[in-house]
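K.L.:
build the 3D model from these lines:
(chains A, B, C and D)
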There are 2 protein chains.
Amino acid sequence: MRIGEVAERAGVSVRALRYYEEQGLVIADRTPSGHRRYPESAVERVRFIQLLYAAGLASKAIRQILPFLDTLVATPQMTRRLMDERARIRDQIDALTRAHDRLDELIRLSAEYENAPAACSAT
Amino acid sequence: MRIGEVAERAGVSVRALRYYEEQGLVIADRTPSGHRRYPESAVERVRFIQLLYAAGLASKAIRQILPFLDTLVATPQMTRRLMDERARIRDQIDALTRAHDRLDELIRLSAEYENAPAACSAT
DNA sequence: CTTGATCCTCACGTTGACGTGAGGTTCTAG
DNA sequence: CTAGAACCTCACGTCAACGTGAGGATCAAG
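P.N.:
Prediction:
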């Protein structure tokens, strides 16, 4: 599979795939002329990488987690990394929830204002 | 109130406060000699800014929202911005939740491995 | 055999929220 | 009155995940 097809099917740019390789997240064979060749599994792997990037993991953290996907052999470091990141994500969800609730309040207030522009202080 | 105290009480760096001023998020008086003077309310304001930054809002978005806090007068642009950001945050929470659940699976698998290292494939 | 699509490797540019000196002034406590 | 803490303004550095050409090789089709 060529890089363009992987990119399209995984929903990322060609440049991103080259970057992932540079970071050691995806390994690609090469044709004699130097073009990258990917296995089918690369598509799912890249989607998983995107999932983790979207959750704010750094490439370093992803690099520490990915080998587990391949081997299903977990070192203590991997397990700890997994749990650390899960905790970080939980914290992040909490922070986002707080912000969401706060924006909700403000939106209610602004709706109130729009329904009674001239008597806003009377509500 | 001087900048150092605001920084400590709001839990941010002095540099961050100067940056917020540069971005038009916090206004500070000046003493004749040029030192910044903040009102008490600055502490809460800065905490709110931090809440929004933590939720991934850009300073531009925060700048469009903050006037509402002061005046309680919402322009349609403010309301739209509030709702856009709320939606963005909801999406982000969803993405984080997906990643969290996925990590959960992996952690369960890795725990399984650690409990039966030699018979991992037999589980 | 040629042409247009796809691929390659540098390598610099981007964006945001600050960090980090440099070099100098002002405040405060003793 | 003096030392050290706190403040000031530049202004360049950082980090991450790519974007964006430049300049050139390779591939698939007619």
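
K.L.:
what comes up buried for the longest helix along chain A?
P.N.:
Longest helix of chain A, by residue count under DSSP state H: helix A:76-115. Of the residues in helix A:76-115, those scored as buried under the neighbour-count criterion (16 or more other C-beta atoms under 10 Å in any protein chain shown) are A:78-79, A:81-83, A:85-86, A:88-89, A:92-93, A:95-96, A:99-100, A:103, A:106-107, A:109-110, A:113. From N, CA and C alone the C-beta is placed, and that goes for glycine too.

K.L.:
does chain B have contacts with it?
P.N.:
Yes - Helix A:76-115 lies within reach of chain B by C-beta under 8 Å from any C-beta of the partner chain, at A:78-79, A:82-83, A:85-86, A:89-90, A:92-93, A:95-100, A:102-104, A:106-107, A:109-111, A:113-114.

K.L.:
relative to helix B:76-115, how tilted is that helix?
P.N.:
For helix A:76-115 against helix B:76-115, the angle between stretch directions is 160 degrees (axes from the mean of the first three to the mean of the last three C-alpha atoms, to 10 degrees).

K.L.:
quick one: helix A:76-115 to chain centroid distance?
P.N.:
Once both centres are worked out by C-alpha atoms, centre = their mean, to the nearest Å, helix A:76-115 turns out to sit 16 Å from its chain's centre.

K.L.:
where does pLDDT dip in chain A?
P.N.:
Chain A contains residues with pLDDT under 70 at A:113-123.

K.L.:
could you list the residues in contact with stretch A:47-61?
P.N.:
A:10-12, A:20, A:23, A:25-26, A:62, A:65-66, A:69, A:81, A:85, A:88-89, A:92, B:95-96, B:98-100, B:102 (C-beta atoms under 8 Å, 6 or more residues apart in numbering or on different chains).

K.L.:
run the chain-centre distance for that stretch.
P.N.:
Relative to the centre of its chain, stretch A:47-61 is centred 4 Å away, using C-alpha atoms, centre = their mean.

K.L.:
and it, what's buried?
P.N.:
A:48, A:49, A:50, A:51, A:52, A:53, A:55, A:56, A:57, A:59, A:61.

K.L.:
now the residue positioned nearest the centre of chain A. Its backbone dihedrals?
P.N.:
Residue closest to the mean C-alpha point of chain A, counted by C-alpha atoms, centre = their mean, is residue A:54 at 2.1 Å. Backbone torsions of residue A:54, given as degrees, to the nearest 10, read phi -60, psi -30.

K.L.:
same deal with residue A:37?
P.N.:
Per degrees, to the nearest 10, the backbone of residue A:37 is at phi -120, psi 130.

K.L.:
contact residues of chain A facing DNA strand D?
P.N.:
Within chain A, the positions adjacent to DNA strand D are A:12-13, A:15-16, A:19, A:23, A:31-35, A:53, A:57-60 by C-beta under 7 Å from any atom of the strand.

K.L.:
if anything else comes up later, I'll come back, but that's it for now.
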